[in-house]
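Visitor: I'll drop the sequence and a predicted model, then ask my questions.
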Amino acid sequence: MSSNPKLVKGEGDMSAEYDFTNAVRGKYTSRFPSDVVMVTLAPDVAEAFPDAESVNEALRVLLKAAKKVAPAA
């Protein structure tokens, strides 16, 4: 555990033993294209979709169906 008093007095639900002194914000963000949106799926939903392409295809089908039911004005 660090002897840094700032780490021990921290607010929120972060434990005192975490030390981000040498952390780099956004270190891995360049790995993703700028137009990628990351979301977390509930475990039961994730079971139905083996990969990103299957999620995208299901959402495209949903969008098509929604447009047929209520066309844009």
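Guide: Nice, I can see it.
Visitor: would you list every one of the helices in the protein?
Guide: 5-8, 43-46, 52-69 (DSSP state H).
Visitor: what's the mean pLDDT across the first one?
Guide: In this model, helix 5-8 has an average pLDDT of 50.
Visitor: which stretch among the helices of the chain comes nearest residue 31?
Guide: Comparing the helices of the chain against residue 31 with C-beta to C-beta, the closest turns out to be helix 52-69 (14.3 Å). (Each C-beta comes from the backbone N, C-alpha and C, glycine too.)
Visitor: may I see the buried residues of that closest one?
Guide: residue 55 (16 or more other C-beta atoms under 10 Å).
Visitor: which residues of the chain score low on pLDDT?
Guide: Where the chain drops to pLDDT under 70, the residues are 1-12, 71-73.
Visitor: tabulate the helices of the chain (TSV), appending distance to residue 29.
Guide: Below are the helices of the chain laid out as TSV (distance: least, C-beta to C-beta, whole Å):
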stretch	distance to residue 29
helix 5-8	25
helix 43-46	23
helix 52-69	18
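Visitor: out of those helices, which is closest to residue 34?
Guide: Residue 34 lies closest to helix 52-69 among these, at 16.4 Å (C-beta to C-beta).
Visitor: how close does residue 43 sit to residue 55?
Guide: 14 Å (C-beta to C-beta, to the nearest Å).
Visitor: start to end distance for stretch 41-60?
Guide: 17 Å (C-alpha to C-alpha, to the nearest Å).
Visitor: and it, how far from the chain's centre?
Guide: Here the centre of stretch 41-60 is set off from its chain's centre by 14 Å, with C-alpha atoms, centre = their mean, to the nearest Å.
Visitor: again, but for stretch 21-29
Guide: For stretch 21-29, the distance to the chain centre is 16 Å (C-alpha atoms, centre = their mean).
Visitor: thank you kindly, that will do.
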